[in-house]
Structures are given as C-alpha cells and as structure tokens.
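Peer 1: what follows is a protein structure lacking sequence information:
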C-alpha cells in the first residue's frame, strides 16, 4: 500500500470520528435541540399556563406543559416563533422553580403564582395578570405562598422527574421583546447538566469507525 493510500484512509477515519462527535453534540442535553420553532396555546381543560409546541424544522419534537417566567412582555398564541432552548438545572432560583414543577399545586394557578413569587414579582403584578384568566381564591393564594416558601433552592431533578427548559424567543425584525417562558421536560436516565445524549445514528457511525480502523491496521501490517 503506497503512502498516499495510507494517508487517505487515515483522513477517512478522522472524518468519521469527527462526524461521530458532531452528531453527538448537536442535540444538546437530554436530546433537547439547542434551537427550535415554538408555538403556544391555551389548553382545555386548563392544566398549565399554556402548552408549548416544539418543532425542529417541520418535525414535531413534542408538546409540553408551559409556564410564564416573564410578566413584563407578551407572547401570542398560535404564532410560530424561533427560539433557543436551554435546560435549567442549577441551584438557586432555578432549583426552586424545578422543585415547584415537581411538586405541583392543587390548580395550575397555584403552580404559576408560586413560580412568579420565587422570581420576585409583587402580588399587585401577579394579581393583575391572574385576573385576566378569572379570579383566584384565597386558598389558592395561600397555597402558592406556601409552595414558594417551601421551594428548595438546592433541588436538582433526578432522572424520571421534571426539568425546566428555558425558551428564549428571538425578537421578530423590527418587533419588541417576546415573553420568556419555560416548558416541562421529563428528565431521562443518563446524561447530566451539559452532557449530550447521543442520537440514534451514533452506534452505526461508531461501528463504521471501528471497522475502518481494523481494516486500516491490517493493511498497514500487511505492508
């Protein structure tokens, strides 16, 4: 085997390994895409602030329970937005929010109000927003306060529990800032913060890399 052929085979092997790495990281933590198209809608019956439909290109990634984390801006229903997605499983405020998502209130209003409370919004602002969707009871208010006070800032969701995914919507050209939201995502087993889960194509590429390496090694020995 001449040197040019050896170099070509080595280059092929390196390209295959590079492909393996790229495919492994584009999905992001837990297979969640780094960016997507999203659309929100009000569920009926109402069990969350809104449903968040997530699409990658034209393919449906999933529809998830969503919550508001920004009372200063607006997001419109049934409008397609481009957004970046980020798993939030750090301590502090996100620890509290993840705790609330895994310890839901008796109504969706309780859960949403508890989230706003840990984010530091005043009752005047919360009251103004909640009254757009109908009144809430004194019992719901008290439960929301209890949830917010009980929320554990050190909570990191274990596998099988819910983790918050932050949705940062891109502003439309010439438009205004769009409301920041989150959606619930069931945390799968394996992986970890910032550790990507590999896509289904990776095992095939890994096998191809191994076969290429074995063939290359045998041919080099033969020469």
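Peer 2: Everything's here; your move. Please read all numbers here as calculations on a predicted model, not as lab measurements. Residues are numbered from 1 along each chain as shown.
Peer 1: what residues are up against the residue positioned nearest the centre of the chain?
Peer 2: Centroid check for the chain by Cα atoms, centre = their mean gives residue 165 as the closest residue, at 3.4 Å. Going by Cβ atoms under 8 Å, 6 or more residues apart in numbering, residue 165 touches 32, 64, 85-88, 182-185. Where you see a C-beta, it was placed from the backbone N, CA and C, and this is true even at glycine.
Peer 1: repeat that for residue 43.
Peer 2: Residue 43 touches 50-51, counting by Cβ under 8 Å, 6+ apart.
Peer 1: and the gap between it and residue 62?
Peer 2: 14 Å (Cβ to Cβ, to the nearest Å).
Peer 1: tally of neighbours for residue 180?
Peer 2: 17 (other Cβ atoms under 10 Å).
Peer 1: tell me the pLDDT of the nearest residue to it once chain neighbours are set aside.
Peer 2: Of all residues not flanking residue 180 in the chain, residue 70 sits nearest, at 3.9 Å (Cβ to Cβ, 6 or more residues apart in numbering). Looking at residue 70, its pLDDT stands at 97.
Peer 1: for residue 70, give me its contacts.
Peer 2: Here residue 70 is in contact with 179-181 (criterion: Cβ under 8 Å, 6+ apart).
Peer 1: sorry, back to before: list buried residues within the contacts of residue 165.
Peer 2: Among the contacts of residue 165, those classed as buried by 16 or more other Cβ atoms under 10 Å are 32, 64, 85, 87-88, 182-185.
Peer 1: and which of the residues you listed is nearest residue 155?
Peer 2: Checking the buried ones among the contacts of residue 165 against residue 155 with Cβ to Cβ, the nearest one is residue 88 at 11.7 Å.
Peer 1: got the contact list for the longest strand that the chain contains?
Peer 2: In the chain, with assignment by DSSP state E, the single longest strand is strand 59-68. Under the contact criterion Cβ under 8 Å, 6+ apart, strand 59-68 has outside partners 33, 36, 40, 47-55, 101, 111-112, 115-116, 129, 165, 167, 179, 181-185.
Peer 1: go through those and flag which are in strands.
Peer 2: 36, 40, 50-55, 165, 167, 181-185.
Peer 1: ok, residue 102 - how many residues close by?
Peer 2: Neighbours of residue 102 (other Cβ under 10 Å): 17.
Peer 1: make that residue 150, sorry
Peer 2: Count around residue 150 with other Cβ under 10 Å applied: 12.
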